[in-house]
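# A predicted structure for the sequence below; I have some questions about it.
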Amino acid sequence: MTSTAIPTVTTSTAPVAPGGLPLLGHALKFRKDLIAYLASLREHGELVKVRLGPLGGAYVVTSPRLAHQMLVTDSGSFEKGRIFDKMRGFLGNGLLTSNGAFNRRQRRLVQPAFHKKMIGVYTEVMREKVEDMLAGWQPGKVIDVQQAASDLTLSIGVGTLFASDLGRRSLDEVKACLPVVLNGVLLRTVLPDFVFKLPLPGVRRFNSGQAQLRNVVDRLISSYRADGGDHHDLLTMLINARDDDTGQGMTDKQVRDEVVTLMLAAAETTSGVLCALFHALAENPDIDERVHAEISERLGGRPIEYEDVPKFDYTSLVLNETLRLGMPAGIFMRRTTKEVTLGETRLPAGAELIFSVPAIHRNPEVYPDPLKFDPERWIRKPARELPKGAFIPFIEGNRQCVGSSFAWTELSVIAATVLGQWKLRLAPGARPKKVIGATNHYVDLLMTVERRA
(Lines give C-alpha, C1' and ligand atoms only; values in the text may rest on other atoms or scores of the structure.)
Protein backbone atom coordinates (compact mmCIF):
# COMPACT_ATOMS: atom_id res chain seq x y z
CA MET A 1 0.00 0.00 0.00
CA THR A 2 1.60 3.22 -1.13
CA SER A 3 1.16 6.67 0.39
CA THR A 4 0.50 9.79 -1.66
CA ALA A 5 -1.60 12.77 -0.72
CA ILE A 6 -4.95 13.29 -2.40
CA PRO A 7 -6.98 16.51 -2.03
CA THR A 8 -10.17 16.79 -0.02
CA VAL A 9 -13.28 17.43 -2.08
CA THR A 10 -15.05 19.78 0.33
CA THR A 11 -14.12 22.70 2.56
CA SER A 12 -14.02 20.26 5.45
CA THR A 13 -11.34 19.85 8.04
CA ALA A 14 -11.17 16.12 7.30
CA PRO A 15 -7.57 15.02 6.64
CA VAL A 16 -6.70 12.83 3.71
CA ALA A 17 -5.49 9.30 4.38
CA PRO A 18 -2.54 7.85 2.52
CA GLY A 19 -3.79 7.94 -1.05
CA GLY A 20 -4.25 5.21 -3.60
CA LEU A 21 -5.45 2.68 -1.05
CA PRO A 22 -7.61 0.16 -2.93
CA LEU A 23 -9.12 -1.35 0.22
CA LEU A 24 -11.26 -4.07 -1.28
CA GLY A 25 -8.86 -4.74 -4.12
CA HIS A 26 -6.14 -5.55 -1.61
CA ALA A 27 -8.64 -7.64 0.35
CA LEU A 28 -9.30 -9.80 -2.67
CA LYS A 29 -5.69 -10.14 -3.78
CA PHE A 30 -3.82 -10.38 -0.51
CA ARG A 31 -6.53 -11.04 2.10
CA LYS A 32 -5.14 -8.24 4.23
CA ASP A 33 -6.63 -7.47 7.62
CA LEU A 34 -8.98 -4.67 6.64
CA ILE A 35 -10.18 -4.21 10.19
CA ALA A 36 -6.68 -3.43 11.45
CA TYR A 37 -6.16 -1.06 8.54
CA LEU A 38 -9.44 0.78 9.08
CA ALA A 39 -8.69 0.99 12.80
CA SER A 40 -5.28 2.51 11.98
CA LEU A 41 -6.98 5.40 10.17
CA ARG A 42 -8.08 6.70 13.57
CA GLU A 43 -4.70 8.40 13.96
CA HIS A 44 -5.55 10.61 10.96
CA GLY A 45 -8.81 11.86 12.46
CA GLU A 46 -12.49 11.08 12.97
CA LEU A 47 -13.27 11.29 9.25
CA VAL A 48 -10.67 10.22 6.71
CA LYS A 49 -10.85 10.21 2.93
CA VAL A 50 -9.67 7.08 1.12
CA ARG A 51 -9.84 5.46 -2.30
CA LEU A 52 -11.83 2.25 -2.76
CA GLY A 53 -10.32 0.94 -5.98
CA PRO A 54 -13.21 0.00 -8.28
CA LEU A 55 -15.73 1.51 -5.86
CA GLY A 56 -14.16 4.98 -5.96
CA GLY A 57 -13.53 7.44 -3.13
CA ALA A 58 -15.23 7.53 0.26
CA TYR A 59 -14.89 8.83 3.80
CA VAL A 60 -14.09 6.47 6.67
CA VAL A 61 -15.82 7.23 9.98
CA THR A 62 -13.44 6.21 12.76
CA SER A 63 -14.99 7.59 15.97
CA PRO A 64 -18.02 6.56 18.05
CA ARG A 65 -19.16 10.19 18.09
CA LEU A 66 -19.52 10.45 14.32
CA ALA A 67 -20.86 6.90 14.00
CA HIS A 68 -23.67 7.76 16.41
CA GLN A 69 -24.44 10.99 14.58
CA MET A 70 -24.59 9.18 11.25
CA LEU A 71 -26.63 6.20 12.49
CA VAL A 72 -28.92 7.89 15.02
CA THR A 73 -28.89 11.66 15.43
CA ASP A 74 -28.89 12.52 11.71
CA SER A 75 -30.00 9.14 10.34
CA GLY A 76 -32.60 10.83 8.13
CA SER A 77 -29.77 12.37 6.10
CA PHE A 78 -28.23 9.01 5.18
CA GLU A 79 -29.19 5.93 3.20
CA LYS A 80 -27.44 2.66 2.38
CA GLY A 81 -24.31 3.22 0.30
CA ARG A 82 -22.72 1.95 -2.88
CA ILE A 83 -22.00 -1.60 -1.70
CA PHE A 84 -25.68 -2.10 -0.93
CA ASP A 85 -26.66 -0.74 -4.35
CA LYS A 86 -24.62 -3.53 -5.86
CA MET A 87 -26.02 -6.14 -3.50
CA ARG A 88 -29.57 -5.12 -4.30
CA GLY A 89 -29.08 -6.34 -7.85
CA PHE A 90 -28.61 -9.94 -6.79
CA LEU A 91 -29.97 -10.20 -3.23
CA GLY A 92 -33.17 -8.29 -3.84
CA ASN A 93 -34.66 -5.32 -2.01
CA GLY A 94 -34.88 -6.73 1.52
CA LEU A 95 -34.16 -4.91 4.77
CA LEU A 96 -30.41 -5.24 4.23
CA THR A 97 -30.43 -3.28 0.96
CA SER A 98 -33.64 -1.20 0.79
CA ASN A 99 -33.94 2.50 1.55
CA GLY A 100 -36.43 5.18 2.52
CA ALA A 101 -40.16 4.71 2.98
CA PHE A 102 -40.08 1.20 1.54
CA ASN A 103 -37.50 0.09 4.12
CA ARG A 104 -39.58 1.62 6.93
CA ARG A 105 -42.70 -0.20 5.71
CA GLN A 106 -40.87 -3.51 5.45
CA ARG A 107 -39.40 -3.09 8.91
CA ARG A 108 -42.90 -2.60 10.34
CA LEU A 109 -44.08 -5.74 8.57
CA VAL A 110 -41.08 -7.89 9.54
CA GLN A 111 -40.68 -6.77 13.17
CA PRO A 112 -43.60 -8.83 14.64
CA ALA A 113 -41.86 -12.02 13.46
CA PHE A 114 -39.20 -11.28 16.10
CA HIS A 115 -41.55 -10.54 19.01
CA LYS A 116 -40.40 -12.21 22.22
CA LYS A 117 -43.38 -14.60 22.09
CA MET A 118 -42.13 -15.89 18.72
CA ILE A 119 -38.51 -16.03 19.89
CA GLY A 120 -39.71 -18.32 22.66
CA VAL A 121 -41.01 -20.66 19.94
CA TYR A 122 -37.77 -20.37 17.96
CA THR A 123 -35.74 -21.24 21.09
CA GLU A 124 -37.09 -24.79 20.95
CA VAL A 125 -35.86 -25.12 17.35
CA MET A 126 -32.46 -23.71 18.30
CA ARG A 127 -32.00 -26.16 21.15
CA GLU A 128 -33.15 -29.11 19.03
CA LYS A 129 -30.68 -28.29 16.25
CA VAL A 130 -27.77 -27.93 18.69
CA GLU A 131 -28.59 -31.28 20.29
CA ASP A 132 -28.73 -32.86 16.83
CA MET A 133 -25.21 -31.57 16.16
CA LEU A 134 -23.84 -32.71 19.52
CA ALA A 135 -25.26 -36.20 19.01
CA GLY A 136 -22.51 -36.78 16.44
CA TRP A 137 -19.67 -35.68 18.73
CA GLN A 138 -17.38 -38.17 20.45
CA PRO A 139 -14.63 -37.42 23.00
CA GLY A 140 -11.38 -36.74 21.19
CA LYS A 141 -13.06 -36.02 17.87
CA VAL A 142 -11.54 -33.16 15.83
CA ILE A 143 -14.18 -30.72 14.60
CA ASP A 144 -13.89 -28.13 11.84
CA VAL A 145 -15.63 -25.50 13.95
CA GLN A 146 -16.26 -23.05 11.11
CA GLN A 147 -18.03 -25.75 9.11
CA ALA A 148 -19.91 -27.06 12.14
CA ALA A 149 -21.04 -23.55 13.14
CA SER A 150 -22.11 -22.72 9.59
CA ASP A 151 -24.10 -25.96 9.29
CA LEU A 152 -25.70 -25.38 12.69
CA THR A 153 -26.75 -21.78 12.15
CA LEU A 154 -28.05 -22.63 8.68
CA SER A 155 -30.11 -25.48 10.14
CA ILE A 156 -31.49 -23.13 12.79
CA GLY A 157 -32.19 -20.47 10.19
CA VAL A 158 -34.07 -22.86 7.91
CA GLY A 159 -35.82 -24.49 10.88
CA THR A 160 -37.16 -21.19 12.19
CA LEU A 161 -37.99 -19.84 8.74
CA PHE A 162 -39.68 -22.96 7.40
CA ALA A 163 -41.17 -25.29 10.02
CA SER A 164 -43.40 -27.12 7.53
CA ASP A 165 -42.60 -30.60 6.22
CA LEU A 166 -41.64 -29.09 2.86
CA GLY A 167 -39.37 -26.62 4.63
CA ARG A 168 -37.56 -29.38 6.49
CA ARG A 169 -37.15 -31.34 3.27
CA SER A 170 -35.65 -28.25 1.62
CA LEU A 171 -32.75 -27.99 4.08
CA ASP A 172 -30.32 -30.06 2.00
CA GLU A 173 -31.10 -28.02 -1.10
CA VAL A 174 -30.48 -24.77 0.76
CA LYS A 175 -27.25 -26.18 2.22
CA ALA A 176 -26.06 -26.93 -1.32
CA CYS A 177 -26.70 -23.52 -2.84
CA LEU A 178 -26.40 -20.98 -0.01
CA PRO A 179 -22.61 -21.37 0.53
CA VAL A 180 -22.08 -20.79 -3.20
CA VAL A 181 -24.01 -17.53 -2.98
CA LEU A 182 -22.19 -16.47 0.19
CA ASN A 183 -18.78 -17.19 -1.31
CA GLY A 184 -19.58 -15.00 -4.31
CA VAL A 185 -21.11 -12.04 -2.50
CA LEU A 186 -17.89 -10.07 -2.00
CA LEU A 187 -16.72 -10.59 -5.59
CA ARG A 188 -20.18 -9.80 -6.94
CA THR A 189 -20.16 -6.60 -4.91
CA VAL A 190 -16.78 -5.21 -5.91
CA LEU A 191 -16.37 -6.41 -9.50
CA PRO A 192 -18.07 -4.78 -12.52
CA ASP A 193 -21.46 -6.25 -13.42
CA PHE A 194 -20.30 -7.33 -16.89
CA VAL A 195 -17.95 -9.88 -15.31
CA PHE A 196 -20.97 -11.84 -14.13
CA LYS A 197 -22.25 -12.15 -17.66
CA LEU A 198 -19.11 -13.95 -18.82
CA PRO A 199 -19.14 -17.76 -19.20
CA LEU A 200 -16.66 -18.31 -16.36
CA PRO A 201 -16.96 -21.39 -14.10
CA GLY A 202 -17.18 -19.30 -10.93
CA VAL A 203 -19.79 -17.03 -12.49
CA ARG A 204 -21.88 -20.01 -13.59
CA ARG A 205 -21.72 -21.50 -10.09
CA PHE A 206 -22.77 -18.23 -8.48
CA ASN A 207 -25.62 -17.57 -10.91
CA SER A 208 -26.83 -21.15 -10.62
CA GLY A 209 -26.70 -21.06 -6.81
CA GLN A 210 -28.53 -17.76 -6.73
CA ALA A 211 -31.28 -19.07 -9.04
CA GLN A 212 -31.60 -22.29 -7.07
CA LEU A 213 -31.94 -20.41 -3.77
CA ARG A 214 -34.67 -18.20 -5.19
CA ASN A 215 -36.49 -21.21 -6.61
CA VAL A 216 -36.49 -22.97 -3.24
CA VAL A 217 -37.89 -19.92 -1.47
CA ASP A 218 -40.49 -19.27 -4.21
CA ARG A 219 -41.65 -22.87 -3.97
CA LEU A 220 -42.08 -22.60 -0.21
CA ILE A 221 -43.96 -19.31 -0.47
CA SER A 222 -46.36 -20.83 -3.01
CA SER A 223 -46.92 -23.84 -0.75
CA TYR A 224 -47.65 -21.67 2.29
CA ARG A 225 -50.01 -19.43 0.31
CA ALA A 226 -51.87 -22.50 -0.94
CA ASP A 227 -52.44 -24.26 2.39
CA GLY A 228 -53.03 -21.09 4.41
CA GLY A 229 -52.01 -22.79 7.64
CA ASP A 230 -49.97 -21.44 10.54
CA HIS A 231 -46.67 -23.31 10.80
CA HIS A 232 -45.50 -21.15 13.72
CA ASP A 233 -42.47 -19.99 11.81
CA LEU A 234 -40.98 -16.86 10.30
CA LEU A 235 -42.35 -17.46 6.82
CA THR A 236 -45.92 -17.71 8.11
CA MET A 237 -45.44 -14.43 9.98
CA LEU A 238 -44.06 -12.68 6.89
CA ILE A 239 -46.87 -13.92 4.63
CA ASN A 240 -49.57 -12.93 7.14
CA ALA A 241 -48.08 -9.51 8.00
CA ARG A 242 -50.30 -6.54 7.15
CA ASP A 243 -49.58 -2.82 7.03
CA ASP A 244 -51.53 -1.04 9.78
CA ASP A 245 -52.27 1.92 7.51
CA THR A 246 -53.26 0.18 4.28
CA GLY A 247 -54.06 -3.38 5.34
CA GLN A 248 -51.84 -4.65 2.55
CA GLY A 249 -49.31 -7.42 2.91
CA MET A 250 -46.14 -8.24 1.02
CA THR A 251 -46.00 -9.57 -2.51
CA ASP A 252 -44.33 -12.92 -3.09
CA LYS A 253 -41.21 -11.13 -4.33
CA GLN A 254 -41.06 -8.93 -1.25
CA VAL A 255 -41.42 -11.96 1.01
CA ARG A 256 -38.70 -13.76 -0.94
CA ASP A 257 -36.30 -10.83 -0.68
CA GLU A 258 -36.77 -10.69 3.09
CA VAL A 259 -36.40 -14.47 3.45
CA VAL A 260 -33.16 -14.51 1.43
CA THR A 261 -31.82 -11.61 3.53
CA LEU A 262 -32.68 -13.35 6.79
CA MET A 263 -31.23 -16.63 5.58
CA LEU A 264 -27.91 -15.08 4.59
CA ALA A 265 -27.66 -13.23 7.89
CA ALA A 266 -28.57 -16.32 9.91
CA ALA A 267 -26.03 -18.52 8.17
CA GLU A 268 -23.02 -16.23 8.04
CA THR A 269 -22.89 -13.71 10.86
CA THR A 270 -23.90 -15.86 13.82
CA SER A 271 -21.56 -18.66 12.80
CA GLY A 272 -18.69 -16.17 12.69
CA VAL A 273 -19.43 -14.99 16.23
CA LEU A 274 -19.62 -18.59 17.46
CA CYS A 275 -16.21 -19.35 15.99
CA ALA A 276 -14.77 -16.28 17.67
CA LEU A 277 -16.34 -17.38 20.96
CA PHE A 278 -14.99 -20.95 20.90
CA HIS A 279 -11.56 -19.75 19.77
CA ALA A 280 -11.38 -17.15 22.55
CA LEU A 281 -12.42 -19.67 25.21
CA ALA A 282 -9.82 -22.16 24.01
CA GLU A 283 -7.17 -19.47 24.44
CA ASN A 284 -8.54 -18.44 27.86
CA PRO A 285 -9.27 -21.66 29.80
CA ASP A 286 -9.96 -19.79 33.04
CA ILE A 287 -12.77 -17.85 31.34
CA ASP A 288 -14.03 -21.10 29.80
CA GLU A 289 -14.25 -22.71 33.24
CA ARG A 290 -16.20 -19.75 34.67
CA VAL A 291 -18.68 -19.94 31.79
CA HIS A 292 -19.15 -23.67 32.32
CA ALA A 293 -19.61 -23.19 36.08
CA GLU A 294 -22.32 -20.59 35.55
CA ILE A 295 -24.15 -22.73 33.00
CA SER A 296 -24.06 -25.70 35.36
CA GLU A 297 -25.30 -23.60 38.27
CA ARG A 298 -28.13 -21.96 36.33
CA LEU A 299 -29.38 -25.04 34.49
CA GLY A 300 -28.37 -27.94 36.72
CA GLY A 301 -28.05 -30.20 33.68
CA ARG A 302 -31.50 -29.50 32.22
CA PRO A 303 -32.06 -28.06 28.72
CA ILE A 304 -32.07 -24.29 28.40
CA GLU A 305 -35.41 -22.48 28.02
CA TYR A 306 -36.08 -19.02 26.63
CA GLU A 307 -36.70 -17.70 30.16
CA ASP A 308 -33.17 -18.74 31.16
CA VAL A 309 -31.39 -16.45 28.70
CA PRO A 310 -31.32 -13.32 30.93
CA LYS A 311 -30.01 -15.36 33.88
CA PHE A 312 -26.49 -15.85 32.48
CA ASP A 313 -24.58 -12.93 33.97
CA TYR A 314 -20.96 -13.86 33.32
CA THR A 315 -21.73 -15.66 30.06
CA SER A 316 -23.41 -12.47 28.83
CA LEU A 317 -20.20 -10.55 29.56
CA VAL A 318 -18.28 -13.13 27.51
CA LEU A 319 -20.75 -12.83 24.63
CA ASN A 320 -20.48 -9.03 24.77
CA GLU A 321 -16.70 -9.26 24.58
CA THR A 322 -16.98 -11.72 21.70
CA LEU A 323 -19.27 -9.33 19.83
CA ARG A 324 -16.81 -6.51 20.51
CA LEU A 325 -13.75 -8.33 19.17
CA GLY A 326 -15.22 -11.05 16.96
CA MET A 327 -17.76 -9.28 14.76
CA PRO A 328 -17.59 -11.01 11.37
CA ALA A 329 -19.13 -8.17 9.36
CA GLY A 330 -16.23 -5.80 8.71
CA ILE A 331 -17.47 -2.97 6.49
CA PHE A 332 -20.73 -1.05 6.19
CA MET A 333 -21.53 1.92 3.98
CA ARG A 334 -23.85 4.91 4.08
CA ARG A 335 -24.54 7.71 1.59
CA THR A 336 -25.64 11.27 2.30
CA THR A 337 -29.05 12.08 0.82
CA LYS A 338 -28.46 15.82 1.19
CA GLU A 339 -25.72 18.19 2.22
CA VAL A 340 -24.87 17.47 5.84
CA THR A 341 -22.30 18.47 8.46
CA LEU A 342 -20.80 15.37 10.04
CA GLY A 343 -18.82 16.47 13.04
CA GLU A 344 -16.97 19.52 11.74
CA THR A 345 -16.97 18.34 8.12
CA ARG A 346 -19.41 19.59 5.50
CA LEU A 347 -20.28 16.78 3.10
CA PRO A 348 -22.24 17.14 -0.15
CA ALA A 349 -25.25 15.05 -1.07
CA GLY A 350 -24.15 11.71 -2.50
CA ALA A 351 -20.97 11.40 -0.40
CA GLU A 352 -20.11 7.78 0.35
CA LEU A 353 -19.09 6.85 3.90
CA ILE A 354 -17.57 3.69 5.33
CA PHE A 355 -17.59 2.56 8.93
CA SER A 356 -16.20 -0.59 10.46
CA VAL A 357 -17.90 -1.87 13.60
CA PRO A 358 -14.89 -3.98 14.68
CA ALA A 359 -12.58 -1.01 14.16
CA ILE A 360 -14.83 1.19 16.32
CA HIS A 361 -14.92 -1.58 18.92
CA ARG A 362 -11.11 -1.48 19.14
CA ASN A 363 -10.79 2.19 19.96
CA PRO A 364 -8.17 2.41 22.75
CA GLU A 365 -9.69 5.65 24.03
CA VAL A 366 -12.83 3.70 24.90
CA TYR A 367 -11.43 0.20 25.50
CA PRO A 368 -8.09 0.02 27.38
CA ASP A 369 -5.89 -2.75 25.95
CA PRO A 370 -8.44 -3.11 23.15
CA LEU A 371 -7.13 -6.36 21.63
CA LYS A 372 -7.27 -8.24 24.94
CA PHE A 373 -10.23 -10.59 25.41
CA ASP A 374 -11.42 -9.28 28.78
CA PRO A 375 -15.08 -9.96 29.70
CA GLU A 376 -14.71 -8.16 33.02
CA ARG A 377 -14.20 -4.85 31.25
CA TRP A 378 -18.03 -4.88 31.01
CA ILE A 379 -18.20 -4.90 34.83
CA ARG A 380 -15.70 -2.09 35.22
CA LYS A 381 -17.57 -0.04 32.61
CA PRO A 382 -20.97 -1.36 31.48
CA ALA A 383 -22.15 -0.71 27.94
CA ARG A 384 -24.62 1.95 29.14
CA GLU A 385 -21.69 4.05 30.43
CA LEU A 386 -19.73 3.98 27.18
CA PRO A 387 -19.83 6.89 24.72
CA LYS A 388 -22.75 6.68 22.33
CA GLY A 389 -21.77 4.73 19.23
CA ALA A 390 -18.89 2.91 20.95
CA PHE A 391 -20.58 -0.52 21.12
CA ILE A 392 -22.83 -1.25 18.14
CA PRO A 393 -22.75 -4.99 17.39
CA PHE A 394 -26.23 -4.83 15.88
CA ILE A 395 -25.77 -1.26 14.54
CA GLU A 396 -28.18 1.27 16.07
CA GLY A 397 -30.81 3.79 15.08
CA ASN A 398 -33.40 3.21 12.37
CA ARG A 399 -31.26 0.51 10.73
CA GLN A 400 -30.61 -1.58 13.83
CA CYS A 401 -30.67 -5.29 13.05
CA VAL A 402 -34.30 -6.39 13.17
CA GLY A 403 -33.21 -9.82 14.43
CA SER A 404 -30.92 -8.67 17.26
CA SER A 405 -33.01 -10.37 19.97
CA PHE A 406 -33.14 -13.55 17.88
CA ALA A 407 -29.35 -13.47 17.41
CA TRP A 408 -28.64 -12.90 21.11
CA THR A 409 -30.99 -15.73 22.08
CA GLU A 410 -29.40 -18.03 19.49
CA LEU A 411 -25.89 -17.30 20.75
CA SER A 412 -27.00 -17.87 24.35
CA VAL A 413 -28.79 -21.15 23.59
CA ILE A 414 -25.87 -22.53 21.58
CA ALA A 415 -23.27 -21.43 24.14
CA ALA A 416 -25.22 -22.89 27.08
CA THR A 417 -25.94 -26.17 25.32
CA VAL A 418 -22.47 -26.75 23.89
CA LEU A 419 -20.35 -25.44 26.75
CA GLY A 420 -22.53 -27.09 29.37
CA GLN A 421 -21.53 -30.48 27.95
CA TRP A 422 -18.30 -30.06 25.97
CA LYS A 423 -14.91 -28.41 26.20
CA LEU A 424 -13.24 -27.35 22.95
CA ARG A 425 -9.45 -27.13 22.57
CA LEU A 426 -7.39 -26.21 19.55
CA ALA A 427 -6.34 -29.43 17.82
CA PRO A 428 -2.60 -30.20 17.66
CA GLY A 429 -1.06 -28.41 14.70
CA ALA A 430 -4.16 -26.28 14.04
CA ARG A 431 -3.32 -22.85 12.62
CA PRO A 432 -6.64 -21.00 12.45
CA LYS A 433 -6.74 -17.72 10.59
CA LYS A 434 -9.36 -15.27 9.40
CA VAL A 435 -10.01 -14.63 5.74
CA ILE A 436 -12.26 -12.21 3.92
CA GLY A 437 -15.42 -13.34 2.17
CA ALA A 438 -18.96 -12.04 2.49
CA THR A 439 -17.83 -11.59 6.09
CA ASN A 440 -14.59 -12.33 7.91
CA HIS A 441 -14.53 -16.01 8.78
CA TYR A 442 -12.11 -18.65 10.01
CA VAL A 443 -10.33 -21.35 8.08
CA ASP A 444 -8.54 -24.26 9.73
CA LEU A 445 -10.28 -23.70 13.05
CA LEU A 446 -9.84 -27.34 14.04
CA MET A 447 -10.75 -28.14 17.62
CA THR A 448 -10.75 -31.30 19.70
CA VAL A 449 -13.88 -31.84 21.79
CA GLU A 450 -13.83 -33.34 25.27
CA ARG A 451 -16.85 -34.15 27.38
CA ARG A 452 -17.20 -32.13 30.58
CA ALA A 453 -17.00 -33.89 33.90
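Thanks, I have it.
# In contact with the residue nearest the centre of the chain, which residues?
When Cα atoms, centre = their mean is applied to the chain, the residue found nearest the centroid is residue 269 (3.5 Å). If you count contacts by Cβ atoms under 8 Å, 6 or more residues apart in numbering, residue 269 has them with 328-329, 407, 439. Just so you know, the C-beta spots here come from the backbone N, C-alpha and C atoms, and that holds for glycine as well.
# any chance of those in JSON lines, plus neighbour count, secondary structure and distance to residue 182?
Output for the contacts of residue 269, formatted as JSON lines (neighbours: other Cβ atoms under 10 Å; DSSP: H, G, I helix; E, B strand; the rest coil; distance: Cβ to Cβ, whole Å):
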{"residue": "328", "neighbour count": "22", "secondary structure": "coil", "distance to residue 182": "11"}
{"residue": "329", "neighbour count": "19", "secondary structure": "coil", "distance to residue 182": "12"}
{"residue": "407", "neighbour count": "20", "secondary structure": "helix", "distance to residue 182": "17"}
{"residue": "439", "neighbour count": "21", "secondary structure": "coil", "distance to residue 182": "8"}
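# Could you work out the most separated pair of those?
With Cβ to Cβ as the measure, no two of the contacts of residue 269 lie farther apart than 407 and 439, at 13.5 Å.
# Backbone dihedrals for residue 79, please?
Dihedral angles of residue 79 (phi, psi; degrees, to the nearest 10) stand at phi -130, psi 180.
# can you list the contacts of residue 269 in CSV and add distance to residue 79 and pLDDT?
Formatted as CSV, the contacts of residue 269 follow (distance: Cβ to Cβ, whole Å; pLDDT from 0 to 100):
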residue, distance to residue 79, pLDDT
328, 24, 78
329, 18, 72
407, 24, 95
439, 22, 70
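# which one of those residues is nearest residue 63?
For those, the nearest to residue 63 is residue 329 (19.1 Å; Cβ to Cβ).
# List the residues that contact that closest one.
Per Cβ under 8 Å, 6+ apart, neighbours of residue 329: 269, 272, 357, 439-440.
# could you redo the last one with a cut-off of 6 Å?
Counting by Cβ atoms under 6 Å, 6 or more residues apart in numbering, residue 329 touches 269, 439.
# That one and residue 87: what is the separation?
Distance, residue 329 to residue 87, using Cβ to Cβ, to the nearest Å: 13 Å.
# show me where the stretch 101-250 of the chain has strands.
142-144 (DSSP state E, counting those that start in this stretch).
# For the helix or strand hosting residue 260, buried residues please.
Per DSSP states H and E, residue 260 falls inside helix 252-283. The neighbour-count check on helix 252-283 (16 or more other Cβ atoms under 10 Å) flags 254-282 as buried.
# And that helix, how far out from the chain middle?
6 Å (Cα atoms, centre = their mean, to the nearest Å).
# And the nearest residue in space to residue 403 that is not next to it in sequence, what's its pLDDT?
Nearest non-adjacent residue to residue 403, counting by Cβ to Cβ, 6 or more residues apart in numbering: residue 114, 5.6 Å away. At residue 114, the pLDDT value in this model is 94.
# count of neighbours near residue 114?
By other Cβ atoms under 10 Å, the residues close to residue 114 number 21.
# With residue 293 instead?
When neighbours are counted by other Cβ under 10 Å, residue 293 registers 11.
# same thing with residue 250?
Neighbourhood size, residue 250 [other Cβ under 10 Å]: 21.
# try residue 151
Residue 151 has 18 nearby residues by other Cβ under 10 Å.
# Please report how far residue 355 lies from residue 399.
Residue 355 is 12 Å from residue 399, where distance means Cβ to Cβ.
# okay, the two: which has more neighbours?
Ranked by neighbour count (other Cβ under 10 Å), residue 355 and residue 399 place residue 355 first, with 24 against 21.
# what's the pLDDT at that one?
We have a pLDDT of 93 for residue 355.
# For it, list each beta-bridge partner.
For residue 355, the beta-bridge partners are residue 61, residue 332 (DSSP bridges).
# ok, now which ones touch it?
Residue 355 neighbours (Cβ under 6 Å, 6+ apart): 61, 67, 332.
# Would you mind confirming that residue 150 is in contact with residue 273?
No: using Cβ atoms under 6 Å as the test, residue 150 is too far from residue 273 to be in contact (11.9 Å).
# Output the below-cut-off pLDDT ranges for this protein.
Applying pLDDT under 70 to the chain picks out residues 1-34, 52-56, 436-438.
# hmm, 50 instead?
For the chain, applying pLDDT under 50 flags the ranges 1-13, 18-32.
# Relative to residue 198, which of the contacts of residue 355 is nearest.
Here the nearest of the contacts of residue 355 to residue 198, counting by Cβ to Cβ, is residue 332; it sits at 29.1 Å.
# Distance check, residue 332 against residue 272.
For residue 332 relative to residue 272 (Cβ to Cβ), the value is 15 Å.
# What does residue 389 show for phi and psi?
Main-chain dihedrals, residue 389, degrees, to the nearest 10: phi 90, psi 0.
# from what I can see it touches residue 70, true?
No: between residue 389 and residue 70 no contact is recorded; they are 8.5 Å apart, counting by Cβ under 6 Å.
# quick one: buried residues of stretch 99-110?
So for stretch 99-110, counting by 16+ other Cβ under 10 Å, buried means 99, 103, 105-106, 109-110.
# wait, which of those is closest to residue 303?
Of all the buried residues of stretch 99-110, residue 110 has the smallest distance to residue 303: 28.8 Å, by Cβ to Cβ.
# Now do the same contact list for the closest one.
258, 402.
# Kindly recompute the last result at 7 Å.
With contact taken as Cβ atoms under 7 Å, 6 or more residues apart in numbering, residue 110 is in contact with 95, 238, 258, 402.
# With distance to residue 230 added, can I get the residues you listed in CSV?
As requested, these are arranged in CSV below (distance: Cβ to Cβ, whole Å):
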residue, distance to residue 230
95, 23
238, 12
258, 18
402, 21
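# Name the member of those residues with the most neighbours.
Neighbour tally across those (other Cβ under 10 Å): the maximum, 27 neighbours, falls on residue 258.
# For that one, which residues are in contact?
For residue 258, the contacting residues are 94-95, 106, 110, 238, by Cβ under 7 Å, 6+ apart.
# Narrow these to those in helices?
106, 110, 238 (DSSP state H).
# could you dump the residues you listed to TSV with distance to residue 189?
Compiled in TSV, the ones in helices among the contacts of residue 258 are given as follows (distance: Cβ to Cβ, whole Å):
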residue	distance to residue 189
106	21
110	23
238	25
